[in-house]
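Asks: Attaching a predicted model along with its sequence, questions to come.
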Amino acid sequence: MASEEIVVVTGASSGIGRATVRRFAGPGVALALIARGREGLEGARREVEQAGGRALVLPLDVGDAEAVDAAAQAVEDALGPIDIWINSAMATVFAFLEDVSPDEFRRATETTYFGSIWGIQAALKRMRRRDRGTIVQVGSAMAYQGIPLQAPYCGAKHGVQGVFESLRCELRHQRSDVHLTTVQLPGVNTPQFQHARNRFPTRSIPVAPYYQPEVAADAIHWAAHHRRREVWVGVPTVYTIWGNRLAPWPAERYLARTAVGGQLTDTPLDPDRPDNLYGPPPGDAGAHGPYDEQAHPRSLQAALARHRRAAVAAFAAAGAAGAAVAAGAFTRNGG
Ligand SMILES: NC(=O)c1ccc[n+]([C@@H]2O[C@H](COP(=O)([O-])OP(=O)(O)OC[C@H]3O[C@@H](n4cnc5c(N)ncnc54)[C@H](OP(=O)(O)O)[C@@H]3O)[C@@H](O)[C@H]2O)c1
């Protein structure tokens, strides 16, 4: 099938990766699904096939560079040349930095940082040969502004950002048509808040306001098909990134005051529950976390960001109409 779109998604079994798989799934799309947990991957495969697409399940650990490269080759052998590679896999440790063991820090970094790098390299190697393809990094406002209780994760997100900047320069130098894009997300209601390692006795929660995974998946799908360097999703992403750029000191004070308590609930956590740092959690987590009632199902900011020209034109037209009405009133009032 020459016109089939070949898409790889890491972290395909849960959360934003899973919602992204659903967003892409349909006739004419073949999806390669990467994560460790077979139950979640098989659930994702069924969803792709029900939507009329093809799926290839590749259970592996993204911290293993050779396994990621072998998976990329398996995708090309089984499905065809990779058009889009999406890095969504992640692991985190909710804790004060002083309470994170070196091994936990290393493990979270192997997944969230190195897992992304190995994915980028595996995709790049193949896309460069053909001089086409898009790599989508699922990023976070925390790639700009670190927050308390998430040092390994924030460090990894900052790190990938730096690698992407280097690679962008290299691709420009090589006059390559391979495209890189990052989708910077706000808090999203995903199962990570149930299965991530957590040093606290109660369940964690994304920093409010937060969104449903479909909002992220729509932005990722859009970014994969347009030539935009970065896509920012949600008003919180905009004020977090600009807050860090313009006023880092007040931003830190604000986060120190609000973001420790703001990431923890009163819901007790079973201390013996399996978490996802060293292996996949049991079962099929799906896309949504436990906070459906509070999560925003849409983002007007994200829609406007996708259609910047139309949004600017609409605002300009509204401004001009407002000015005309004001001028008319002024004239009628004899001003
Ligand atoms: N949720 C948020 O608030 C939020 C905000 C901003 C950005 N993001 C970004 O969204 C992306 C997904 O996060 P999420 O919230 O959807 O998390 P999630 O629900 O916990 O999903 C994480 C995914 O990564 C996979 N994974 C974890 N460790 C792995 C490993 N060693 N090898 C292979 N796969 C592994 C998991 O599958 P297995 O356990 O089956 O391997 C799962 O599919 C991340 O890049 C994150 O930075 C999330």
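Replies: Everything's here; your move. Quick caveat, the model's predicted, so the values are computed rather than measured.
Asks: Work out which residue lies at the spatial centre of the protein.
Replies: Of all residues in the chain, the one closest to the mean position by C-alpha atoms, centre = their mean is Val138, 2.9 Å from it.
Asks: and that one, what are its phi and psi?
Replies: phi -80, psi 110 (degrees, to the nearest 10).
Asks: Quick one: low-confidence residue ranges for this protein.
Replies: 1-2, 310-335 (pLDDT under 70).
Asks: residue in the protein nearest to the ligand?
Replies: Using C-beta to the nearest ligand atom, the point where the chain gets nearest to the ligand is Gly15, with a distance of 2.0 Å. For every residue, glycine as well, the C-beta is placed using N, CA and C.
Asks: Neighbours of that residue, how many?
Replies: 29 (other C-beta atoms under 10 Å).
Asks: Please name the nearest non-neighbouring residue to it.
Replies: Thr190 (3.2 Å; C-beta to C-beta, 6 or more residues apart in numbering).
Asks: Tell me where this protein has strands.
Replies: Under the criterion DSSP state E, the chain contains strands at 5-10, 29-35, 54-59, 84-87, 93-94, 134-140, 179-185, 197-198, 202-204, 230-232, 264-268.
Asks: Remind me what the fifth one packs against, helices and strands.
Replies: Okay, so that is strand 93-94. Under the contact criterion of 3 or more C-beta pairs under 8 Å, 6 or more residues apart in numbering; DSSP states H and E, strand 93-94 touches helix 102-109, strand 197-198.
Asks: Could you tell me how far the shortest one lies from the centre of the chain?
Replies: Which is strand 197-198. Taking C-alpha atoms, centre = their mean, to the nearest Å, the mean C-alpha location of strand 197-198 is offset from the chain mean by 20 Å.
Asks: Now for Val21: which residues touch it?
Replies: Neighbouring residues of Val21 by C-beta atoms under 8 Å, 6 or more residues apart in numbering: 9, 12, 31, 33, 44, 47-48.
Asks: how about a cut-off of 10 Å?
Replies: By C-beta atoms under 10 Å, 6 or more residues apart in numbering, Val21 lies in contact with 7, 9, 11-13, 29, 31-33, 41, 43-45, 47-48, 51, 53, 55, 86, 88, 217, 287.
Asks: circling back: the residue nearest to the centre of the chain pairs with what?
Replies: Val183 (DSSP bridges).
Asks: picking that back up, pick the most buried one from the helices and strands packed on strand 93-94.
Replies: Highest mean neighbour count among those (mean count of other C-beta atoms under 10 Å): strand 197-198, with a mean of 20.
Asks: That one near the ligand at all?
Replies: No. Judged by C-beta under 6 Å from any ligand atom, strand 197-198 and the ligand are separated, with a smallest distance of 10.7 Å.
Asks: what's that strand in contact with?
Replies: 91-95, 100, 104, 107-108, 149, 152, 192, 204, 263-264, 269, 271, 273, 275-278.
Asks: what are the C-alpha coordinates of stretch 94-113, in CSV please?
Replies: Extracted in CSV, the C-alpha atoms of stretch 94-113 (Å, rounded to 0.1, in the frame of the first residue of the first chain):
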residue,chain,number,x,y,z
PHE,A,94,7.3,12.1,42.6
ALA,A,95,9.6,13.0,45.5
PHE,A,96,11.8,15.7,46.9
LEU,A,97,15.2,15.4,45.2
GLU,A,98,16.9,14.4,48.4
ASP,A,99,14.6,11.4,48.6
VAL,A,100,15.3,10.0,45.1
SER,A,101,17.9,7.2,45.1
PRO,A,102,20.6,7.3,42.5
ASP,A,103,19.2,4.2,40.9
GLU,A,104,15.7,5.7,40.7
PHE,A,105,17.1,8.9,39.1
ARG,A,106,19.1,6.8,36.6
ARG,A,107,16.0,4.7,35.7
ALA,A,108,13.7,7.7,35.2
THR,A,109,16.5,9.3,33.1
GLU,A,110,17.0,6.1,31.0
THR,A,111,13.3,6.2,30.1
THR,A,112,12.4,9.8,29.7
TYR,A,113,15.7,11.2,28.5
